[in-house]
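*Asks:* Sequence and predicted structure are below.
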Amino acid sequence: MSDSPAGRLQALFEGHRLTPTQRRIAHCMVRRAGDVAFLSSVELADLAGVSQPSVTRFAVALGFDGYPALRRHLREVAPAGEASGEAGEHNEYQQAVLAEIENLRHLAELLADPGPVVRAGRLLAASRPLPVLGLRAASSQARGFAYFAAKVHPDVRLLDEGGSMLTDRIDAAVRAGATALLCFALPRHPREVVEALEYAQGAGVSVVTVAESAFAPVAAHSDLLIPAAVGTGLAFDTACAPMLLGRVLLEAMADELPDAQARLEEFDTKAAARGLFVE
């Protein structure tokens, strides 16, 4: 992160779980880093397209008593006279990409010890069927994993819808022989995901979880949690590291399935015969 006013503002916001509205305010502040310390809460609200109370709540979310305290702090971290567009500074979109690159570096360091991933792969491969859970923000991660996992695993069951049917589907998987469940859990964490994992553990299922942090709310109901950070630099979280970790787990699971390669070759043969893909 650069030592520019925008960079210092970005650093101020990191580590805080902000709502989409609050992130909108943060992005506006980064864009106006040169003069934001001298804007009133009403002026900042107008620029960000939010209400004035939203600006106050934003300041409180950052740990300040209110917007005046935040503004005093801003005059220290981004004083007037410093250009917000100085050479070498990255804009907010570049900063988001660079933050995701850093998340991937952290994941690579974590994977220097492959033990947890290997253990997860064994648990997932041995479970017949294999339920894969992901709701709301995590539904795309679960769906992507389930799509590819079905090519090598004989029975993958995607659980990407909540409601009263969710526990019914977990029960059905357990009755069919499920011994493990893979969960993708990303912020903001739906209450029913935590409840579903607690229920699955109570049914004797080993829960393997991909979450943004080892301290995520789902940790208490996970037998094996492997963290992969999400990016928070844009209005909505970016999840490159969780997606890649999902593919790593898929690889580890396939390594534990003796007929995985044969299944892939069979699929390729049938796909070619059907002309399924454009060459």
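*Replies:* Arrived safely, thanks for sending. Numbers count the residues shown, from 1 in each chain.
*Asks:* and residue 210, that's in a helix?
*Replies:* No. Read with DSSP: H, G, I helix; E, B strand; the rest coil, residue 210 is strand and lies in no helix.
*Asks:* so residue 147 is in which element?
*Replies:* helix 139-149 (DSSP states H and E).
*Asks:* Would you mark the buried spots in that helix?
*Replies:* By neighbour count on 16 or more other Cβ atoms under 10 Å, the buried set for helix 139-149 is 139, 140, 141, 142, 144, 145, 146, 148, 149. C-beta here means a position set from N, CA and C on the backbone, and glycine is covered the same way.
*Asks:* would a markdown table of those with distance to residue 179 and pLDDT be doable?
*Replies:* Converted to a markdown table, the buried residues of helix 139-149 look like this (distance: Cβ to Cβ, whole Å; pLDDT from 0 to 100):
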| residue | distance to residue 179 | pLDDT |
| --- | --- | --- |
| 139 | 24 | 97 |
| 140 | 26 | 95 |
| 141 | 22 | 96 |
| 142 | 18 | 97 |
| 144 | 23 | 97 |
| 145 | 18 | 98 |
| 146 | 17 | 98 |
| 148 | 21 | 97 |
| 149 | 15 | 97 |
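*Asks:* got TSV for those, with distance to residue 99 too?
*Replies:* Converted to TSV, the buried residues of helix 139-149 look like this (distance: Cβ to Cβ, whole Å):
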residue	distance to residue 99
139	23
140	20
141	18
142	24
144	22
145	24
146	28
148	26
149	29
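*Asks:* Closest one to residue 276 out of these, please.
*Replies:* residue 148 (15.4 Å; Cβ to Cβ).
*Asks:* about what we covered before: now find how far off-centre the next helix or strand after the helix holding residue 147 is within its chain.
*Replies:* Downstream of helix 139-149, the first helix or strand assigned by DSSP H and E is strand 156-159. Relative to its parent chain, strand 156-159 has a centroid offset of 19 Å by Cα atoms, centre = their mean, to the nearest Å.
*Asks:* elements contacting strand 156-159?
*Replies:* Applying 3 or more Cβ pairs under 8 Å, 6 or more residues apart in numbering; DSSP states H and E, we find strand 156-159 packed against strand 130-133, helix 139-149, helix 165-175.
*Asks:* do you know which of the ones you listed lies nearest residue 31?
*Replies:* Closest approach to residue 31 among the helices and strands packed on strand 156-159 (Cβ to Cβ): helix 139-149, 28.6 Å.
*Asks:* Listing request: residues of the stretch 51-200 of the chain with sub-threshold pLDDT.
*Replies:* Within the stretch 51-200 of the chain, the ranges that satisfy pLDDT under 70 run 77-88.
*Asks:* ok, back up a step: give me the residues contacting the helix holding residue 147.
*Replies:* 124, 130, 132-134, 156-160, 182-184, 186, 210, 239, 242-243, 246-247, 249-250, 253 (Cβ atoms under 8 Å, 6 or more residues apart in numbering).
*Asks:* what number of residues lie near residue 114?
*Replies:* Residue 114: 12 surrounding residues under other Cβ atoms under 10 Å.
*Asks:* Pull out the buried residues from stretch 126-134.
*Replies:* Using 16+ other Cβ under 10 Å as the test for burial, stretch 126-134 gives 127, 129, 130, 131, 132, 133, 134.
*Asks:* repeat for stretch 65-77
*Replies:* 67, 70, 71, 73, 74.
*Asks:* Now tabulate these in JSON lines and tack on secondary structure and distance to residue 40.
*Replies:* Below are these laid out as JSON lines (DSSP: H, G, I helix; E, B strand; the rest coil; distance: Cβ to Cβ, whole Å):
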{"residue": "67", "secondary structure": "helix", "distance to residue 40": "8"}
{"residue": "70", "secondary structure": "helix", "distance to residue 40": "12"}
{"residue": "71", "secondary structure": "helix", "distance to residue 40": "8"}
{"residue": "73", "secondary structure": "helix", "distance to residue 40": "15"}
{"residue": "74", "secondary structure": "helix", "distance to residue 40": "12"}
